[in-house]
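# have a look; sequence and predicted model below, questions after that.
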Amino acid sequence: MTTHGSPSENLIVVEALVKTFMHMGRKLDVLRGIDLTIAQGEVMAIVGPSGAGKSTLLHCIGTLDLPTKGRIWLDGEEITGLAGAKLAAIRNRSIGFVFQFHHLLPEFNALENVMMPGLIQGRSRADMKKPAQELLDEVGLSERATHRPGELSGGEQQRVALARALVLNPKLLLADEPTGNLDTATSDVMHQLFFDINARHGTSIVVVTHNTVLANSMPRVVRLVDGLLDRDTKDAQAPAEPQAPAESRDA
Ligand SMILES: Nc1ncnc2c1ncn2[C@@H]1O[C@H](COP(=O)(O)OP(=O)(O)OP(=O)(O)O)[C@@H](O)[C@H]1O
Ligand SMILES: [Mg+2]
């Protein structure tokens, strides 16, 4: 498949991506040649059976894992082949992650957890406090800012994790089964937040999910089966309207 245009036209371009794990002396071909482009401001779901390679693909796009073969561009810059420190800098600047388990720091309160990516980057508490407060407000948790993770419900913890993922105003949000542990009503709140965030900030959002209702509510759904792209609704319909106004992305 040759769907990708010039790497600079898309936020993400994945070309012929292969990931092979060696396990107990055996080669395991987990991604077997994926071509995928993600436009700036696009919202999409990645679906497919357990073991299809969804998380592996997300980790490769998010620079958390290195592909065995193939190339990935982020915002026009090829990230495959970059050294670890450079990758970490790009990850910190451009990508936010939300996982199934929130990985909040238990000894810090909600506000501090949201500020954390900036503090790690060397920015001051004074600098980070306002954007963190604004994001807690956006996810509906300004009343819980001083609660530690253990003093929050599961859905609230996940919303703190979402605020944390967004605090450095990333271009790309990657979420791996972000509502896998939540009840339906709480998941719905979280899903609506993804759409709100996309509309307000123009963030490109990729959500790996087993939730068919959520997937079907997304403008684009990509299905992976056995390490290959089985279906992309983008190929099956006319191009969607842009998802978000080209609003200012200033922090
Ligand atoms: N570090 C590793 N070493 C060896 N095999 C691995 C490793 N990580 C993943 N795998 C294998 O790669 C395959 C794809 O894993 P991946 O986590 O990407 O699946 P997935 O589509 O996200 O599945 P799920 O829906 O269950 O989360 C699985 O069969 C898994 O066992
Ligand atoms: Mg997975």
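Nice, thanks for sending it over. Residues are numbered from 1 along each chain as shown. Ligands and ions are numbered 1, 2, ... in the order given.
# what ranges do the helices span in the stretch 1-150 of the chain?
54-61, 84-94, 110-120, 125-138 (DSSP state H, counting those that start in this stretch).
# which one of those helices lies nearest to residue 77?
Comparing the helices of the stretch 1-150 of the chain by their distance to residue 77 (Cβ to Cβ), the top pick is helix 84-94, with 7.5 Å. The C-beta positions use only the backbone N, C-alpha and C, and glycine is treated the same way.
# buried set for that closest one?
In terms of neighbour count (16 or more other Cβ atoms under 10 Å), helix 84-94 has its buried residues at 87, 90-92, 94.
# the helices of the stretch 1-150 of the chain: lowest mean pLDDT?
Comparing mean pLDDT across the helices of the stretch 1-150 of the chain, the weakest is helix 84-94, with a mean of 89.
# contact partners of that helix?
By Cβ atoms under 8 Å, 6 or more residues apart in numbering, the surrounding residues in contact with helix 84-94 are 62-64, 74-75, 77, 79, 82, 117, 120-121, 168, 170-172.
# check the residues you listed against ligand 1 and report the nearest one.
Taking Cβ to the nearest ligand atom as the measure, ligand 1 sits nearest to residue 64 out of the contacts of helix 84-94, at 11.6 Å.
# dump the residue contacts of that closest one.
If you count contacts by Cβ under 8 Å, 6+ apart, then residue 64 has 91, 97 around it.
# backbone phi and psi for it, please?
phi -80, psi -20 (degrees, to the nearest 10).
# just the buried ones from the contacts of helix 84-94?
62-63, 74-75, 79, 82, 117, 168, 170-172.
# now, the most widely separated pair of those?
Taking Cβ to Cβ, no two of the buried ones among the contacts of helix 84-94 sit farther apart than 82 and 117, at 19.8 Å.
# which parts of the stretch 51-200 of the chain sit against ligand 1?
Contact residues, the stretch 51-200 of the chain versus ligand 1 (Cβ under 6 Å from any ligand atom): 51-56.
# the strand or helix carrying residue 164 packs against which elements?
Secondary structure from DSSP states H and E places residue 164 in helix 154-166. Under the contact definition 3 or more Cβ pairs under 8 Å, 6 or more residues apart in numbering; DSSP states H and E, helix 154-166 sits against strand 95-98, helix 110-120, helix 125-138, strand 172-176, helix 184-201.
# got any ranges where the stretch 151-251 of the chain has weak pLDDT?
Applying pLDDT under 70 to the stretch 151-251 of the chain flags the ranges 237-251.
# also the stretch 1-150 of the chain?
Looking at the stretch 1-150 of the chain by pLDDT under 70, you get 1-9.
# hmm, 90 instead?
1-9, 81, 83-85, 88-89, 91-93, 99-103, 121 (pLDDT under 90).
# nearest the middle, which residue of the protein would you pick?
Residue closest to the mean C-alpha point of the chain, counted by Cα atoms, centre = their mean, is residue 174 at 0.6 Å.
# just to check, it is in contact with residue 95?
Yes: using Cβ atoms under 8 Å, residue 174 is in contact with residue 95, at 6.3 Å.
# which neighbours do these two have in common?
Contact with both residue 174 and residue 95 is made by residues residue 62, according to Cβ under 8 Å, 6+ apart.
# how close does the residue nearest to residue 61 when sequence neighbours are not counted sit to residue 202?
The shortest distance from residue 61 to any non-neighbouring residue, by Cβ to Cβ, 6 or more residues apart in numbering, is to residue 12 (6.0 Å). Noted for residue 12: a distance of 15 Å to residue 202, by Cβ to Cβ, to the nearest Å.
# before we move on, back to that, and the nearest residue to the residue nearest to the centre of the chain once chain neighbours are set aside, what does it touch?
Closest residue to residue 174 apart from its sequence neighbours, by Cβ to Cβ, 6+ apart: residue 62 at 4.8 Å. Residue 62 is in contact with 91, 95, 97, 172, 174, counting by Cβ under 8 Å, 6+ apart.
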